[in-house]
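*Asks:* everything below, folded, please.
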Amino acid sequence: NLPQKTENDSDGFYELTWQPQNLPLDPAIDFQGLRWLVFCDSTGIGENLVKALTKSGVTCLSVLPGETTETPVSGAATLNLDRPDEIETIFNWALSGDVKLDRVIYLWACNGTPSKQLNADSLMRDQILNSHLPLRITQSLCNHSTAVDSKIWFITRGAQMVVGSDLDISVGQSPLWGFARSVVMEHPEIFGGLIDLDAQASAPLSGDDLFNALTLPLDDDSIAFRRRELYVERLTRQQISNPQVQEIHWRSDAAYLVTGGLGGMGLSLANWMADQGVRHIVLLGRSELPGRDEWSSITSEHPRHLAISTITALESKGVEVTLAALDAGDKLGMTKLRESLKRSVAGIFHAAGLFEDCPLRHLETKSLDVVMHPKVLGTWVLNEVFGQNELDFFILFSSFSSFLPARGQASYAAANSFLDAFACYRR
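*Replies:* Here you go, the predicted model:
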């Protein structure tokens, strides 16, 4: 559903929007003989979905979170959340006897911690639900020859800002959207769709909405429900003829923090702020620079030459540059940094990020976490440490990859989806 380019398309501004759409009237699925694997959530939505599907003739295999991984002869299976690699046990059970598995419905992201109750620990633990397990399920579907015709549907609840009343979106669930869009790019043969349910709706009503979405002939694979109404995602062209520029009022008594401050983007931001008259800048990076007594001997071939030469130039202009070798996700270290600064922080540029190219088939959860760490945990820690104060701005550097990721960039897409959702949440 990408818009077509026109001759008048000179500015190139686009926006992701959600547009209401009528539900089709007639089902397109012959339910008899179908076999679905449903990862049921704890809110009751999956349970209601299974009841409706079973009544319609679908054979449903349910999976629940448990302390151990068990695959009983009858009843629901359980999967130990602390051992996501045991998902293979679940698929061996579901596909035993070389039976066909038509669909996989993943609802466990709906078990995530509500945004108002999130902290750094629960946010990262929830990524087992929002990225680790979806990754392992995707890999299992790709590896099982008998699952070649299976389609996976990823379900969230209140993870997208669809209508203006979505003021408290579930930011912890949002990385699943970026991850799932990577599945579309790399393995379209197993991708079914993405559905964001209404967080304000009851479990029976959400189960009914989900049943409709999974059984009616819809042309879209990224949809949402709000107040029982179906919404579809669109990239729409925006006509911006006279953009209004909001000037930043730089405060002479405050400092401005840049994460990823020793990288190319961070140093460019520091130069730009100095040109605007800023005189107190904090540059945060994960690694330390050589000692200042060595700077005069650093040559242009040195990997830190750009950072050192930029900082030297800034200081020659009268800018006070504070350097901090610190991981953005280190809450204790970030708290100590805030307490050590001579001035309060009035604005944050969160430019820290990592980039790692790896196909979904070979991606490991450790690599996933490494890329997501600065953008997910780092953002949350910055908000906890500095966001309680009166910031003039908190600028996040996301990427179009959250909507249209490149192959091999599932981790990066998931991380940037979190940034997009967090910006909506903080507003």
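*Asks:* which element is residue 16 on?
*Replies:* strand 14-21 (DSSP states H and E).
*Asks:* give me the residues contacting that strand.
*Replies:* For strand 14-21, the external contacting residues (CB atoms under 8 Å, 6 or more residues apart in numbering) are 3, 160, 162-163, 220, 224, 229-238, 403. From N, CA and C alone the C-beta is placed, and that goes for glycine too.
*Asks:* in the longest helix anywhere in the chain, what's buried?
*Replies:* Looking across the chain with DSSP state H, the single longest helix is helix 365-386. Across helix 365-386, burial judged by 16 or more other CB atoms under 10 Å covers 365, 367-369, 371-383, 385-386.
*Asks:* pLDDT weak spots in the stretch 151-300 of the chain?
*Replies:* Applying pLDDT under 70 to the stretch 151-300 of the chain flags the ranges 241, 243.
*Asks:* quick one: the helices in the stretch 101-250 of the chain, in order.
*Replies:* 120-127, 133-143, 175-186, 203-215 (DSSP state H, counting those that start in this stretch).
*Asks:* what's the shortest one packed up against?
*Replies:* Think helix 120-127. Packing contacts for helix 120-127, counted by 3 or more CB pairs under 8 Å, 6 or more residues apart in numbering; DSSP states H and E, involve helix 365-386.
*Asks:* report the angle between the helix it packs on and helix 133-143.
*Replies:* For helix 365-386 against helix 133-143, the angle by axes from the mean of the first three to the mean of the last three CA atoms, to 10 degrees is 160 degrees.
*Asks:* pLDDT on helix 365-386, on average?
*Replies:* For helix 365-386, the mean pLDDT works out to 95.
*Asks:* the closest residue to residue 369 other than its chain neighbours and residue 239: what is the separation?
*Replies:* Nearest residue to residue 369, sequence neighbours excluded (CB to CB, 6 or more residues apart in numbering): residue 127, at 7.2 Å. As defined by CB to CB, to the nearest Å, residue 127 lies at a distance of 39 Å from residue 239.
*Asks:* go on, residue 340?
*Replies:* As judged by CB to CB, residue 340 and residue 239 stand 48 Å apart.
*Asks:* swap in residue 52?
*Replies:* The spacing between residue 52 and residue 239, counted by CB to CB, is 44 Å.
*Asks:* neighbour count for the two, which is higher?
*Replies:* residue 52 (18 against 8; other CB atoms under 10 Å).
*Asks:* which secondary structure elements does the helix or strand hosting that one contact?
*Replies:* Using DSSP H and E, residue 52 maps to helix 45-56. Judged by 3+ CB pairs under 8 Å, 6+ apart, the packing partners of helix 45-56 are strand 35-39, strand 59-66, helix 203-215.
*Asks:* mind doing that once more with 10 Å?
*Replies:* Helices and strands touching helix 45-56, by 3 or more CB pairs under 10 Å, 6 or more residues apart in numbering; DSSP states H and E, are strand 35-39, strand 59-66, strand 103-106, strand 151-157, helix 203-215.
*Asks:* report the buried residues of it.
*Replies:* With burial defined by 16+ other CB under 10 Å, the residues of helix 45-56 counted as buried are 45, 46, 47, 48, 49, 50, 52, 53.
*Asks:* quick check: closest non-adjacent residue to the last one.
*Replies:* In this case it means residue 53. Spatial nearest neighbour of residue 53, excluding adjacent residues (CB to CB, 6+ apart): residue 60 at 5.3 Å.
*Asks:* pretty sure that neighbour contacts residue 39?
*Replies:* No. The pair residue 60 / residue 39 is not scored as a contact, 11.2 Å apart, by CB atoms under 10 Å.
*Asks:* which neighbours do those two share?
*Replies:* 46, 105 (CB atoms under 10 Å, 6 or more residues apart in numbering).
*Asks:* and these two? Which one has more around it.
*Replies:* Taking other CB under 10 Å, residue 60 and residue 39 do not tie; residue 39 has more neighbours (29 against 20).
*Asks:* my guess is the more buried one contacts residue 137. True?
*Replies:* Yes. Judged on CB under 10 Å, residue 39 makes contact with residue 137 at a distance of 8.0 Å.
*Asks:* what's the overlap in contacts for those two?
*Replies:* Here residue 39 and residue 137 share the contacting residues 63, 87, 90, 104, 106, 108, 152, 154, scored by CB under 10 Å, 6+ apart.
*Asks:* which one of these sits closest to residue 296?
*Replies:* Using CB to CB, residue 154 comes nearest to residue 296 of the shared contacts of residue 39 and residue 137, at 54.7 Å.
*Asks:* quick one: the closest one from residue 218, how far?
*Replies:* Distance check for residue 154 against residue 218: by CB to CB, it reads 15 Å.
*Asks:* and the two? Which one has more around it.
*Replies:* When residue 154 and residue 218 are compared on other CB under 10 Å, the one with more neighbours turns out to be residue 154, at 28 against 18.
*Asks:* and that one, what does it touch?
*Replies:* For residue 154, the contacting residues are 39, 104-109, 130, 134, 137-138, 173, 176-177, 179-181, 183, 191-196, by CB under 10 Å, 6+ apart.
*Asks:* do you know how far the nearest residue to it once chain neighbours are set aside is from residue 160?
*Replies:* Distances taken as CB to CB, 6+ apart put residue 180 closest to residue 154, at 4.5 Å, once the chain neighbours are dropped. Noted for residue 180: a distance of 12 Å to residue 160, by CB to CB.
*Asks:* likewise for residue 367?
*Replies:* Distance from residue 367 to residue 160, counting by CB to CB: 26 Å.
*Asks:* just residue 81 next, same as before
*Replies:* From residue 81 to residue 160 the distance is 24 Å (CB to CB).
*Asks:* gap between the spatially most central residue of the chain and residue 384?
*Replies:* Among the residues of the chain, the one closest to the centroid is residue 175, at 2.1 Å (CA atoms, centre = their mean). To residue 384, residue 175 is 18 Å away according to CB to CB.
*Asks:* can you check residue 37 too?
*Replies:* Distance from residue 37 to residue 384, by CB to CB: 38 Å.
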